[in-house]
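**Student:** when you get a sec, could you give me coordinates for this:
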Amino acid sequence: MTNIKVIIPAFNEQHSIGQVIADIPKTVQEVIVVNNDSVDDTAKNAKRAGATVLFENKKGYGYACLKGMEYIAKQSLIPENKPDIIVFLDGDYSDYPSELSKLVAPILNENIDFVIGARVKRLREGGSMTPQQVFGNWLATFLMTLFFNAKFTDLGPFRAIKYDKLVALNMEDKTYGWTVEMQLKALKQKLTYIEVPVRYKQRIGVSKVSGTLKGTIFAGFKILSWIFKYSFKK
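**Tutor:** Sure, this is the predicted structure:
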């Protein structure tokens with residue numbers, strides 16, 4: 001049986017996290033929620049819903065993801081505990097966790113290394129992505145096409161990757177550049193990849209990134225920094 005683990009970074013998602021976990025297919029072996037310095041009942045609600053809860057007090061999407069990976073790496077010291085696939089999913093219920101099976105299918109059936117859940121316009125609920133998110137996604141993927149001949153159309157956080165390939169990427173970004181770093185490194189290491197169209201709806205609560213001017217500016221800066229860094233890296 002394929003061992004699939006899900007990592008969910010979560011900051012103040014007490015109202016949504018239980019619904020996210022409940023909708024994840026039962027084929028998943030473990031759901032890992034990384035409580036990223038929340039001041040609400042995110043951790044308690046995640047544990048009640050059946051997730052493994054980790055705590056990362058350094059705020060940042062990348063910090064939370066790295067905490068989850070560190071936990072899995074320790075588990076993997078026992079070979080039978082090593083996962084085959086890691087899925088990353090947000091805790092705000094904007095994605096449809098039930099579509100996880102669609103995301104991992106290309107890995108299982110076609111031996112693809114890396115799958116992005118693409119938030120295509122025809123499947124997006126009105127208002128689910130802000131204009132700055134839409135523009136930022138377009139700009140980032142346009143630049144990746146320009147510099148690397150990439151076929152990405154989205155930086156969607158709902159994504160699946162073979163565990164061994166994820167480890168080999170040597171991820172390092174601690175904040176908003178995590179998703180684009182993964183895609184750039186996947187291109188550099190010539191991983192096979194594909195996008196799968198997924199539905200997307202308005203999140204529960206306020207976005208910590210696109211919902212604030214500071215978050216939007218910082219996220220844009222980090223994304224562009226990674227792209228230009230890799231564009232001139234030999």
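
**Student:** show me what the helix or strand bottoming out on mean pLDDT in the chain packs onto, helices and strands only.
**Tutor:** The helix or strand of the chain with the poorest confidence is helix 213-231; it has a mean of 73 (mean pLDDT, DSSP states H and E). With contacts defined as 3 or more Cβ pairs under 8 Å, 6 or more residues apart in numbering; DSSP states H and E, helix 213-231 has these neighbours: helix 131-148, helix 178-188. The way it works is simple: take the backbone N, C-alpha and C, and place the C-beta from them, glycine included.

**Student:** I'd like to check the angle between it and helix 131-148, please.
**Tutor:** Relative orientation of helix 213-231 and helix 131-148, computed by axes from the mean of the first three to the mean of the last three Cα atoms, to 10 degrees: 10 degrees.

**Student:** which residues sit against helix 213-231?
**Tutor:** Applying Cβ atoms under 8 Å, 6 or more residues apart in numbering, the external contacts of helix 213-231 come out as 132, 136, 139-140, 143-144, 147-148, 155, 173, 175-177, 180-181, 184, 187-188, 207-210.

**Student:** what of stretch 184-194?
**Tutor:** 106, 110-116, 144, 148, 150-152, 161, 165, 168-171, 226-227, 230.

**Student:** mind listing the strands for the protein?
**Tutor:** All strands of the chain, identified by DSSP state E, fall at 4-10, 30-35, 52-55, 85-88, 114-118, 159-162, 193-197.

**Student:** could I get those strands as TSV with mean neighbour count and distance to Ile78?
**Tutor:** Rendered in TSV, the data for the strands of the chain read as follows (neighbours: other Cβ atoms under 10 Å; distance: least, Cβ to Cβ, whole Å):
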stretch	mean neighbour count	distance to Ile78
strand 4-10	26	14
strand 30-35	24	14
strand 52-55	17	16
strand 85-88	24	17
strand 114-118	24	25
strand 159-162	24	19
strand 193-197	18	29
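
**Student:** okay if I get these as a markdown table plus mean pLDDT and distance to Pro97?
**Tutor:** Conversion of the strands of the chain to a markdown table gives the following (pLDDT from 0 to 100; distance: least, Cβ to Cβ, whole Å):
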| stretch | mean pLDDT | distance to Pro97 |
| --- | --- | --- |
| strand 4-10 | 98 | 8 |
| strand 30-35 | 98 | 9 |
| strand 52-55 | 98 | 16 |
| strand 85-88 | 98 | 9 |
| strand 114-118 | 98 | 11 |
| strand 159-162 | 98 | 12 |
| strand 193-197 | 98 | 14 |
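
**Student:** quick one: closest of those strands to Leu100.
**Tutor:** With respect to Leu100, and counting by Cβ to Cβ, the nearest of the strands of the chain is strand 85-88 at 5.9 Å.

**Student:** walk me through which strands that closest one pairs with, and which way each runs.
**Tutor:** Note on strand 85-88: by DSSP bridges, its sheet partners are strand 4-10 (parallel), strand 159-162 (antiparallel).

**Student:** mind putting the ones you listed in a markdown table, distance to Ile21 included?
**Tutor:** Supplementary listing: the strands paired with strand 85-88 in a markdown table, determined by distance: least, Cβ to Cβ, whole Å:
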| stretch | distance to Ile21 |
| --- | --- |
| strand 4-10 | 8 |
| strand 159-162 | 17 |
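
**Student:** and the helices and strands packed on helix 213-231, which is most packed in?
**Tutor:** Most buried of the helices and strands packed on helix 213-231, by mean neighbour count (mean count of other Cβ atoms under 10 Å): helix 178-188, with a mean of 23.

**Student:** and the angle from that one to strand 114-118?
**Tutor:** For helix 178-188 against strand 114-118, the angle by the same axes, to 10 degrees is 130 degrees.
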